[in-house]
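this is the structure alone, sequence omitted:
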């Protein structure tokens, strides 16, 4: 079965809003390029942990396919 996804900053650079919209439309694959106006490679450890926590808060349905230091 094909899984639908999106580049999250194509919805919004506010990651929480992007996740909410993804849930509304049944999108489960997420490519992370920019989160909170930062490229994902520039996120610090606290921000990476917040990304992980937000994904978990959305019932863990989001499957990021960005390689983000262990995300």
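Received it, and whenever you're ready, just let me know what you need. This is a predicted model, so every value here is computed, not measured.

in this protein, what spans have low per-residue confidence?
Per-residue confidence of the chain (counting by pLDDT under 70) places the weak regions at 60-71.

could you pull out the helices for it?
15-24, 45-57 (DSSP state H).

how about those in JSON lines, adding mean neighbour count?
(Glycine included, C-beta is placed from N, CA and C.) Shown next, in JSON lines, are those (neighbours: other Cβ atoms under 10 Å):
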{"stretch": "helix 15-24", "mean neighbour count": "16"}
{"stretch": "helix 45-57", "mean neighbour count": "14"}
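
distance to residue 36 added to those helices, as JSON lines?
Formatted as JSON lines, those follow (distance: least, Cβ to Cβ, whole Å):
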{"stretch": "helix 15-24", "distance to residue 36": "6"}
{"stretch": "helix 45-57", "distance to residue 36": "7"}
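
of all those, which lies closest to residue 31?
helix 15-24 (10.8 Å; Cβ to Cβ).

name the helices or strands packed onto that closest one?
strand 29-31, helix 45-57 (3 or more Cβ pairs under 8 Å, 6 or more residues apart in numbering; DSSP states H and E).

list the buried ones in the first one?
Within strand 29-31, the residues that qualify as buried by neighbour count (16 or more other Cβ atoms under 10 Å) are residue 30.

list the strands paired with that strand, with their directions.
strand 5-7 (parallel), strand 63-64 (parallel) (DSSP bridges).

wait, residue 6 sits on residue 31?
Yes - the criterion here is Cβ atoms under 8 Å, and residue 6 meets it with residue 31 at 7.4 Å.

which residues touch residue 38?
Residue 38 sits next to residue 47 when contact means Cβ atoms under 8 Å, 6 or more residues apart in numbering.
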